[in-house]
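Asker: Sequence and predicted model, in that order:
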Amino acid sequence: MTHATLVSSSPAELRDDGWRAHNIWQHSASVRALYTARARDEAEEMDCLAQAAELLAPLAAPGDSVIDAGCGSGYFFHSLRKRDLTLAYHGFDATAEFIEIGRRELAPFGLPSDCLQNLRLEDFQGSADHLLCINLLSNLDNYHRPLERLLKATRKSLILRESIKDGADYRYVQDAYLDPGVALSVHVNAYDRRDLIAFIEARGFSVIEVIDRRSGGRPENVIGYPHWWSFLVATRCGVPA
């Protein structure tokens, strides 16, 4: 008998939906409701998005393009719109439901549906004048490969808000705020300030760190674990101001 004809009494199961099944954002009705309200402009603007828009404003010229990596339902579009920042907004997110919400709810505000794409960061390929990445990399296993991808896509500036402190802190913890019966874990990482800045500078950018206005530089608990939120504003060297 060859291996090809061997019949197991305990057959294997091989599927391709593992990422979706283990994606925590796929399993929270409360987050979907919140992201719907934000896309409808019915929820209070997030402090971090307000600050991100203010940081972006002096770096951007009318008509510049922006890609929002891990955009949720694309509600940063409202932060630009309310400040009369006439930028071409695009966003992508790994969670298909968030993109569906954004396409449906932001269309009445003037955002074409094809400006939002269902993409994992690993699958992203493209470029824009400005990249935005808010509260994303801290929930991944590490930052090197995704951040390098974002930097390569950046023509002028990258605005990053992540958990950053002196000395890295990596955790993989169960998220107790998901739908009932769902037991999934997520990374809650803080990245070392000097390592992160050096990584960005080595790829042709100048970097300034800006204190996060919401947390004031103090640790803030998210799902019960501390984050040290901070902004990094990276501008590509050699690009005229």
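Answerer: Done, it's in.
Asker: which regions of this protein sit below the pLDDT cut-off?
Answerer: Low-confidence segments of the chain, defined by pLDDT under 70: 1-5, 240-241.
Asker: any idea how far the most centrally placed residue in it is from Lys82?
Answerer: Among the residues of the chain, Gly70 comes closest to the average C-alpha position under CA atoms, centre = their mean, at 3.1 Å. Distance of Gly70 to Lys82, given as CB to CB, to the nearest Å: 21 Å. Yep, even glycine has a C-beta here, placed from its N, CA and C like the rest.
Asker: picking that back up, residues contacting the nearest residue to the residue nearest to the centre of the chain once chain neighbours are set aside?
Answerer: Using CB to CB, 6 or more residues apart in numbering and skipping residues adjacent in sequence, the residue nearest Gly70 is Leu136, 3.7 Å away. Shown in contact with Leu136 (CB atoms under 8 Å, 6 or more residues apart in numbering): 69-70, 121, 146, 162.
Asker: Now do the helices in this protein.
Answerer: Remark: helices assigned in the chain by DSSP state H are 18-22, 29-39, 47-56, 76-82, 96-106, 144-152, 193-201.
Asker: Now tabulate those in CSV and tack on mean neighbour count.
Answerer: Below are the helices of the chain laid out as CSV (neighbours: other CB atoms under 10 Å):
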stretch, mean neighbour count
helix 18-22, 10
helix 29-39, 18
helix 47-56, 19
helix 76-82, 21
helix 96-106, 20
helix 144-152, 17
helix 193-201, 16
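Asker: Any idea which of those helices gets closest to Gly224?
Answerer: Nearest to Gly224 among the helices of the chain is helix 29-39; the distance by CB to CB comes to 15.3 Å.
Asker: List the buried residues for the longest strand along the chain?
Answerer: Secondary structure of the chain per DSSP state E: the longest strand is strand 154-165. Within strand 154-165, the residues that count as buried by 16 or more other CB atoms under 10 Å are 154, 156-165.
Asker: Surely Ile223 touches Tyr177?
Answerer: Yes - judged on CB atoms under 8 Å, Ile223 makes contact with Tyr177 at a distance of 5.4 Å.
Asker: okay, now Arg236: neighbour count?
Answerer: 16 (other CB atoms under 10 Å).
Asker: For the closest residue to Asp192 other than its chain neighbours, list the residues it contacts.
Answerer: Closest residue to Asp192 apart from its sequence neighbours, by CB to CB, 6+ apart: Ala168 at 4.3 Å. Contacts for Ala168 (CB under 8 Å, 6+ apart) come out as 189-192, 195.
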